[in-house]
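Test case, fold it:
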Amino acid sequence: MNENLPPCPECSSAYTYEMGALLVCPECGHEWTPAPAEPAGGPEDGVIRDAVGNVLADGDTVTVVKSLKVKGHPTGIKAGTKVRNIRLVEGVAGHDIDCKIEGFGAMQLKSSVVKKA
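Numbers count the residues shown, from 1 in each chain. Take a look at the predicted model:
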């Protein structure tokens with residue numbers, strides 16, 4: 001018997017059990033479908049958020065919050081660098097911002113390393 005089943009929403013009985021795809025309360029006879037578990041990252045609504053939780057949109061200006069190493073460039077991108085006119089994309093390996101950074105050129109960034117300006 002699974003000890004992680006939710007109590008009955010009608011009578012709050014703790015003796016619920018599974019019957020196929022439904023949960024059943026033996027005390028009041030209420031049947032319901034279990035709520036789907038949310039992913040670990042919270043509700044997935046297709047919105048891209050920055051490092052502090054602000055919603056990002058195409059054309060926004062963001063600030064890099066931590067220094068980033070760039071292959072083939074000796075200095076990398078310093079924390080505090082402003083990036084203007086971003087474009088949100090479905091990138092590779094979590095890179096969901098397409099942008100041009102002055103002195104570096106076109107590149108993709110992760111939304112977890114920027115903050116909306």
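
who's sitting farthest from the centroid in this protein?
E27 (39.3 Å; CA atoms, centre = their mean).

For that one, report the pLDDT, please.
Listed pLDDT for E27 reads 90.

who's in contact with it?
Residues counted as contacts of E27 (CB atoms under 8 Å, 6 or more residues apart in numbering) are C8, C11, S13, Y15. Bear in mind the C-beta positions are built from the backbone N, C-alpha and C, glycine included.

where's it relative to V114, distance?
Note on E27: its distance to V114, by CB to CB, to the nearest Å, is 52 Å.

Equivalent analysis for V47, please.
Distance from V47 to V114, counting by CB to CB: 15 Å.

So which of these two has more stuff around it?
V114 (26 against 10; other CB atoms under 10 Å).

That one is in contact with V62, isn't it?
Yes - if you go by CB atoms under 8 Å, V114 and V62 touch, sitting 4.0 Å apart.

where do the contact lists of the two overlap?
D50, L56, V83, I97.

ok so V92 is a helix residue?
No - according to DSSP: H, G, I helix; E, B strand; the rest coil, the state of V92 is coil, so it is not within a helix.

residue contacts, it?
By CB under 8 Å, 6+ apart, the contact list for V92 reads Q108.

Now do the phi/psi pair for it.
When read as degrees, to the nearest 10, the backbone of V92 gives phi -90, psi 140.

gap between K66 and A106?
K66 is 21 Å from A106, by CB to CB.

meant to ask about E90, not that
From E90 to A106 the distance is 17 Å (CB to CB).

repeat for G46
24 Å.

Compare those two (neighbour count), which wins?
A106 (8 against 4).

wait, is that one part of a strand?
Yes - counting by three-state DSSP, A106 is located in a strand.

Just give the number of residues close to the nearest residue to Y15 once chain neighbours are set aside.
Leaving aside its sequence neighbours, Y15 sits nearest to P26 (CB to CB, 6 or more residues apart in numbering; 5.6 Å). Look at P26: counted by other CB under 10 Å, it has 11 neighbours.
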